[in-house]
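[1] Dropping a prediction and its sequence here:
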Amino acid sequence: MYNNREGNVVVWFTGLSGSGKTTISNILSEKLKSFNKNHEILDGDVVRKELSPDLGFSKEDREKHNYRIIYLAKLLSRNRIITIVPVIAPFKNIREYAREHIENFVEIYVNTPIEECIKRDPKGLYEKALKGEIKEFTGLSSPYEEPEQPDLIMDTINYTPEQCADHVIEYLEKNNFIQHEINYNDLRRVYGK
């Protein structure tokens, strides 16, 4: 049966730096690959490097950067490419804009306490921000506005990134954004028939 929602979705991960957005996104990508689902990751850092090198980290520049990501995500998803967006997106108005302008927008809040993000600090950014080397750092010297009604909340303290990615897959299946088809060749190999 034809599913007119299949693939037409943007999975938008928001949360502090170090919360686990990219890690969960990469695991989700591997799972989608195993299901042969067309998808792309629009990682905030990668898009900034490639499409927004002209922008800094002021509120205005962050908003411009996010508008560019929203535009790309909209193009990809309307062409039935599942679009995964791990980006801090600290401002509610930007995420609301994305929800209004993207047909199927799934907001996932990676709710990791700042103390844990500081402990993880995979890029050494908190250390620099705490020393005053980085100005306007989200969660410290610049605000992060928590989502009020996200579609999903990820708890990365009590659940592994793999469990979080599985939770996203369940949500996408339940809402008809993806469907698995049984691969009978794989079943024959498993059962030896």
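    Arrived safely, thanks for sending.
[2] excluding its backbone neighbours, what's nearest Lys92?
    Ranked by C-beta to C-beta, 6 or more residues apart in numbering and with sequence neighbours excluded, the top spatial neighbour of Lys92 is Glu145, at 4.5 Å. All C-beta spots, glycine's among them, are computed from the backbone N, C-alpha and C.
[3] Check Leu32 too.
    Nearest non-adjacent residue to Leu32, counting by C-beta to C-beta, 6+ apart: His39, 4.7 Å away.
[4] surely the one you found meets Val85?
    No. His39 is beyond contact range of Val85, at 11.1 Å (criterion: C-beta atoms under 8 Å).
[5] on that earlier part again, state the distance from the residue nearest to Lys92 to Asn8.
    Per C-beta to C-beta, to the nearest Å, Glu145 is found 27 Å from Asn8.
[6] swap in His101?
    Plainly put, His101 is 14 Å away from Asn8 if you go by C-beta to C-beta.
[7] show me the contacts for the residue nearest to Pro122 when sequence neighbours are not counted.
    Counting by C-beta to C-beta, 6+ apart, Pro122 lies nearest to Gly18, which is 5.9 Å off, once chain neighbours are set aside. Gly18 makes contacts with 112, 116-118, 120-123, 125-126, as judged by C-beta atoms under 8 Å, 6 or more residues apart in numbering.
[8] His167 too?
    152, 154, 159 are the contacts of His167 under C-beta under 8 Å, 6+ apart.
[9] if we go to 10 Å?
    24, 28, 108, 152-155, 159 (C-beta atoms under 10 Å, 6 or more residues apart in numbering).
[10] does it sit in a helix or strand, and which one?
    helix 161-174 (DSSP states H and E).
[11] The closest residue in space to Leu76 that isn't next to it in sequence: what secondary structure?
    Distances taken as C-beta to C-beta, 6+ apart put Thr83 closest to Leu76, at 4.4 Å, once the chain neighbours are dropped. Assigned by DSSP: H, G, I helix; E, B strand; the rest coil, the conformation of Thr83 is strand.
[12] Doesn't Ser17 lie inside a helix?
    No. Applying three-state DSSP, one finds Ser17 to be coil, outside a helix.
[13] Give me the nearest residue to it, chain neighbours excluded.
    In space, Ser17 is closest to Leu125, 5.7 Å off (C-beta to C-beta, 6+ apart).
[14] and that neighbour, how many neighbours?
    As a burial measure, Leu125 scores 18 neighbours (other C-beta atoms under 10 Å).
[15] same question, the one 5 residues further on
    Applying other C-beta under 10 Å, we find 14 residues neighbouring Leu130.
[16] What of the one 5 residues further on?
    Other residues lying near Lys135 total 12 when counted by other C-beta under 10 Å.
[17] so which helix or strand takes in it?
    Using DSSP H and E, Lys135 sits in no helix or strand.
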